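1. need a structure here:
(one chain, ligands or ions: 2)
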Amino acid sequence: MTMKVLYGAAPDDVKGYDTQRLRDAFLMTDLFAADRVNFAYTHVDRLILGGAMPVETRLAFGSGEDIGTPYLLFAREMGIANLGGTGTIAVDGETFTLENRDVLYVGRGAREIVVSSLSADVPARFYMNSVPAGTDFPHRLITRKEAKPLDLGDARRSNKRRLAMYIHPEVSPSCLLLMGITDLAEGSAWNTMPPHLHERRMEAYCYFDLAPEDRVMHMMGRPEETRHLVVANGDAVLSPAWSIHMGAGTGPYAFVWGMTGENQEYNDVSPVAVADLK
Ligand SMILES: O=C(O)C(=O)C[C@H](O)C(=O)CO
Ligand SMILES: [Zn+2]
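-> Residues are numbered from 1 along each chain as shown. Ligands and ions are numbered 1, 2, ... in the order given. Sure, this is the predicted structure:
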């Protein structure tokens, strides 16, 4: 298990960043490696991001050694989305089977998590978001069918998409984690239109189902000072509360979004008109 640390950056710092520095601060690559568990501890609302891809072997994790607690989820909750083939997750001996686009909510207090794939040919790809939690909620599998869908956008503007809410008060309760998956409609390229800010929550995106030769151009930064990150399949980006977020892919893609902060009000956002971006 690896645990990288990201300290984040303030909007004024980013003005002077070159491409590499921007990528180092806001982009996580190599989350999914065969038979490895990789985490990044961010100081952006203390969100931990992770990827686990069991191929030949089961992978166990849960130690709190890197974060100074008796175990990883001693004071945290976690959402685990399966972006690959069928897999299982055992949480302290309770086993859940996750198909593609199912999400497992793991409540505070879980000590050991063991993940495995049904087939080494189509391995599960488990993407994780973990945030500090003040209460114990039971672990719960949220299937793709159980997620709350929201149809957004317009094909004529190349931004038609379906958003599915999984970890959300109306679907499955949590302390402060929100998590969902957005799929672009065929022929649409733009996500998160209109771009927005949410001062009371940070967000992280993990782009997936993107062909190896394609990229998502992910926009970030203050509305009057935008920057972009060129993102490949399986990469995750951090969006602090001060940053707009939106993106366009050069081919089909989907993404997992996760949020935490002061509230769980999905609609507590401030849209920014595209014409006001610089
Ligand atoms: O395509 C979208 O719109 C999204 O998926 C938006 C994200 O869920 C988001 O930014 C929530 O604040
Ligand atoms: Zn957002």
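2. Chain neighbours aside, what residue packs nearest to Thr143?
-> In space, not counting the residues next to it along the chain, Thr143 is nearest to Asp102; the distance is 5.0 Å by Cβ to Cβ, 6 or more residues apart in numbering. Using the backbone N, CA and C atoms, a C-beta is placed for each residue, glycine as well.
3. burial measure for the one you found, as a count.
-> Residue crowding around Asp102 was assessed by other Cβ atoms under 10 Å; the count is 23.
4. and it, what does it touch?
-> If you count contacts by Cβ atoms under 8 Å, 6 or more residues apart in numbering, Asp102 has them with Ala81, Asn82, Leu141, Ile142, Thr143, Arg144.
5. Could I get the phi/psi values of the residue of the chain found nearest ligand 1?
-> Closest approach of the chain to ligand 1 (Cβ to the nearest ligand atom) occurs at Thr182, with a separation of 3.6 Å. In this entry, Thr182 is assigned phi and psi values of phi -120, psi 130 (degrees, to the nearest 10).
6. Excluding chain neighbours, give the residue nearest to it in space.
-> The nearest residue in space to Thr182 (Cβ to Cβ, 6+ apart) is Leu163, at 4.6 Å.
7. Would you mind checking the average pLDDT for stretch 22-31?
-> Confidence over stretch 22-31, taken as the mean pLDDT, stands at 97.
8. cool, and stretch 237-256?
-> Over the span of stretch 237-256, the pLDDT mean works out to 98.
9. ditto for stretch 51-59
-> The predicted model gives stretch 51-59 an average pLDDT of 98.
10. cool, and stretch 115-129?
-> So the average pLDDT for stretch 115-129 ends up being 98.
11. What are the neighbouring residues in contact with His196?
-> Under the criterion of Cβ under 8 Å, 6+ apart, the contact list for His196 reads Ile244, His245, Val269, Ser270, Pro271, Val272.
12. residue contacts, the fifth one?
-> Neighbouring residues of Pro271 by Cβ under 8 Å, 6+ apart: Pro194, Pro195, His196.
13. ok, now the first one?
-> Residues near Ile244 by Cβ under 8 Å, 6+ apart: Pro195, His196, Leu197, Met219, Met220, Gly221, Arg222, Pro223, Thr226, Val272, Leu277.
14. so which strand or helix has the closest residue to it other than its chain neighbours?
-> The spatial neighbour of Ile244 that comes closest, neighbours along the chain excluded (Cβ to Cβ, 6+ apart), is Pro195 at 4.3 Å. Counting by DSSP states H and E, the element that carries Pro195 is strand 190-197.
15. Is that strand in proximity to ligand 1?
-> Yes: where contact is defined by Cβ under 6 Å from any ligand atom, part of strand 190-197 touches ligand 1, namely Asn191, Thr192.
16. before we move on, back to that, looking at the contacts of His196, which are in helices?
-> With DSSP state H as the criterion, helices contain none of the contacts of His196.
17. and ligand 1, which of those reach it?
-> With Cβ under 6 Å from any ligand atom as the criterion, these include His245, Val269 near ligand 1.
18. so which of the contacts of His196 comes closest to Gly187?
-> Proximity to Gly187 was ranked across the contacts of His196 by Cβ to Cβ; first place goes to His245, at 21.9 Å.
19. What are the neighbouring residues in contact with the closest one?
-> His245 makes contact with Thr192, Pro195, His196, Glu203, Tyr205, His218, Met219, Met220, Val237, Ser239, according to Cβ under 8 Å, 6+ apart.
20. So which of those sit within strands?
-> Secondary structure defined by DSSP state E assigns Thr192, Pro195, His196, Glu203, Tyr205, His218, Met219, Met220, Val237, Ser239 of the contacts of His245 to strands.
21. State the distance from Met78 to Met193.
-> Using Cβ to Cβ, to the nearest Å, one obtains 29 Å as the distance from Met78 to Met193.
22. residues in contact with the residue lying closest to Thr29 once chain neighbours are set aside?
-> When the adjacent residues along the chain are set aside, Thr29 lies closest to Asp235, with 5.1 Å between them (Cβ to Cβ, 6+ apart). Shown here is Asp235, whose contacts under the criterion Cβ under 8 Å, 6+ apart are Leu27, Met28, Thr29, Leu31, Cys206, Tyr207.
23. where's Asp235 relative to Glu56, distance?
-> Here the distance between Asp235 and Glu56 works out to 24 Å (Cβ to Cβ).
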